[in-house]
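>>> Attaching a predicted model along with its sequence, questions to come.
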Amino acid sequence: MLDKRVSINFCGGCNPWINRGKVADEVKELLISYGYLISFNSIDVNVVINLSGCMSNCAQKYSKNDIHSVVVAAFTVDTLIVDESEMVAEIVNRVRNYYEQLES
C-alpha cells in the first residue's frame with residue numbers, strides 16, 4: 001500500500017481572491033478523514049497542492065520541484081474554473097484520483 005503523503009504549499013498571500021486558509025483547512029480535514037498524511041510547505045510527499053490566492057499562481061510559479069501537483073489559482077483548479085462552493089471537493093477528488101491511478 002502506498003504511503004499517502006500530501007503537502008499543501010502556499011503563495012505569499014499578497015492578493016488573495018479566495019480564503020486560502022479556509023480552503024487548506026477544509027482540504028486537510030477531508031483528506032485526513034480518507035487516511036492521507038498532510039503537511040504544509042513540504043516536498044517530502046507524493047502530491048503537492050499548490051494553493052495560490054490569485055491568478056498569478058505564485059505557489060506553482062516559484063515551486064522548485066517535479067512532484068505531481070494539483071494547482072489552485074484563485075477560482076481555478078488545474079486551470080478549470082470551479083465554483084467556490086465546489087473547490088474543496090474538486091481538489092480532494094483530484095488528489096484521490098491520482099493515488100487511485102498509482103495503485104492500479
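Everything's here; your move. Remember, predicted model here, so these are calculated numbers, not experimental data.
>>> For the rest of this, base every contact and every neighbour count on C-alpha atoms.
Noted.
>>> show me where this structure has strands.
5-10, 37-40, 47-52, 68-73, 76-77, 80-81 (DSSP state E).
>>> The last one pairs with which strands?
Strand 80-81 pairs in its sheet with strand 76-77 (antiparallel), by DSSP bridges.
>>> Out of the strands of the chain, which one sits most buried?
strand 47-52 (a mean of 27; mean count of other Cα atoms under 10 Å).
>>> got a list of what Gly13 touches?
Gly13 sits next to 52-53 when contact means Cα atoms under 8 Å, 6 or more residues apart in numbering.
>>> Tell me the confidence at it?
Note on Gly13: pLDDT of 92.
>>> got the phi/psi numbers for it?
phi 80, psi 30 (degrees, to the nearest 10).
>>> From Gln101, how far out is it?
32 Å (Cα to Cα, to the nearest Å).
>>> any chance of the strands of the chain in a markdown table, with distance to Asp25 and mean pLDDT too?
Listed next are those as a markdown table, based on distance: least, Cα to Cα, whole Å; pLDDT from 0 to 100:
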| stretch | distance to Asp25 | mean pLDDT |
| --- | --- | --- |
| strand 5-10 | 10 | 96 |
| strand 37-40 | 10 | 97 |
| strand 47-52 | 12 | 97 |
| strand 68-73 | 14 | 97 |
| strand 76-77 | 17 | 98 |
| strand 80-81 | 21 | 98 |
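>>> now the ones you listed as JSON lines including distance to Arg96?
Output for those, formatted as JSON lines (distance: least, Cα to Cα, whole Å):
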{"stretch": "strand 5-10", "distance to Arg96": "10"}
{"stretch": "strand 37-40", "distance to Arg96": "13"}
{"stretch": "strand 47-52", "distance to Arg96": "10"}
{"stretch": "strand 68-73", "distance to Arg96": "11"}
{"stretch": "strand 76-77", "distance to Arg96": "14"}
{"stretch": "strand 80-81", "distance to Arg96": "17"}
